[in-house]
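> Below is the sequence, then the predicted model.
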Amino acid sequence: MYLDPLFLAVAIPAVLLIGISKGGFGAAFGFVAVPLMALVIPPVQAAAIMLPILCVMDIFGLTAYRRIADFRNLLIMVPGALIGIALGTLTFRYLQDDAIRLIIGAIVIGFLVQQWVRKPPAGGVGRSVAKGTVWATVSGFTSFVAHAGSPPVQIYLLPQKLDKTIYTGTTVWLFFIVNYAKLIPYGYLGLWSTDNLATSAALLPLAPLGIWLGVRLHRIVSDAVFYGIVRVFLLVSGLKLGWDGLTGLGWL
């Protein structure tokens with residue numbers, strides 16, 4: 001198992017961060033966990049260790065938001081997300097980790113720039129089958145390779161200015177479906193080693209604690225603060241992923 005002190009110093013806050021994000025902030029910044037863990041172990045192992053934990057967290061999250069979601073948006077996004085997972089399965093062995101980080105970072109920063117330059121209408125924009133399908137496909141792909149599916153989803157959902165509870169419930173439902181859909185392809189790719197599963201089991205008790213903290217924080221944070229938190233963590237995460245990708249590829 002990957003249980004040396006350096007790994008634990010990164011993995012414990014990473015798992016708690018994902019739980020808080022899933023429990024109360026629509027998975028807004030939980031995707032930074034794999035890049036954090038990848039500082040001390042290979043990214044592929046980090047993704048494999050996190051998936052069982054994510055699946056357990058999704059069950060806890062769904063108990064809190066089981067009847068709360070924009071189900072019309074889900075009908076638009078789920079097919080695209082499944083297509084993205086299929087693409088990830090087919091290309092996983094050929095992708096460089098740093099190229100993936102750079103792509104995700106570019107998506108995040110591009111979204112934030114678009115938000116600052118072009119403000120959506122005060123009441124938000126409506127649903128779009130085309131945009132929802134495209135961004136959900138990107139989300140399914142990035143979720144498969146690095147559990148980084150939330151930025152593309154936010155690009156589609158945030159301009160709609162959904163109620164924060166509806167927004168969180170929608171992402172909880174979406175990533176519940178996405179993460180469980182990834183279990184079989186991960187097995188096909190040989191990622192379920194004994195060490196990976198044992199490490200997942202050791203970190204698993206942190207899952208309900210993180211979810212509980214997220215639900216509690218969600219109830220006391222206003223919409224304005226909520227979306228501000230989302231954007232701040234997106235900025236930090238996007239810059240970190242972009243920097244790691246550029247340096248890893250030797251472009252800096």
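Now that the structure is in, tell me what you want to look at.
> in the stretch 1-150 of the chain, which segments are predicted with low confidence?
1-2, 26-32, 115, 118-123 (pLDDT under 70).
> Show me where the chain has its helices.
With DSSP state H, the ranges of helices along the chain come out as 5-24, 33-37, 43-65, 71-91, 97-117, 129-146, 150-157, 164-181, 183-188, 194-203, 206-220, 223-248.
> Can you tell me which helices and strands the shortest one packs against?
What that stands for is helix 33-37. Counting contacts by 3 or more Cβ pairs under 8 Å, 6 or more residues apart in numbering; DSSP states H and E, helix 33-37 is packed against helix 5-24, helix 43-65, helix 223-248. C-betas here are computed from N, CA, C, even on glycine.
> could I get the ones you listed as a markdown table with mean neighbour count and distance to residue 95?
Formatted as a markdown table, these follow (neighbours: other Cβ atoms under 10 Å; distance: least, Cβ to Cβ, whole Å):
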| stretch | mean neighbour count | distance to residue 95 |
| --- | --- | --- |
| helix 5-24 | 21 | 22 |
| helix 43-65 | 22 | 10 |
| helix 223-248 | 17 | 12 |
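> Poorly predicted segments of the stretch 151-252 of the chain, please.
Scanning the stretch 151-252 of the chain for pLDDT under 70 picks out 223, 226-227, 230, 233.
> ok, now with 80
Regions of the stretch 151-252 of the chain meeting the criterion pLDDT under 80 cover residues 151, 218, 221-234, 236-238, 241, 252.
> Surely residue 22 is in contact with residue 208?
No - between residue 22 and residue 208 there is no contact under Cβ atoms under 8 Å: 11.2 Å.
> and stretch 168-183, which residues are buried?
168-179, 181-182 (16 or more other Cβ atoms under 10 Å).
> I'd like the distance from it to the chain centre, please.
Relative to its chain's centre, stretch 168-183 lies at 10 Å (Cα atoms, centre = their mean, to the nearest Å).
> for stretch 71-82, same thing?
Relative to the centre of its chain, stretch 71-82 is centred 16 Å away, using Cα atoms, centre = their mean.
> cool, stretch 59-76 as well?
Distance of stretch 59-76 from the chain centroid (Cα atoms, centre = their mean) equals 16 Å.
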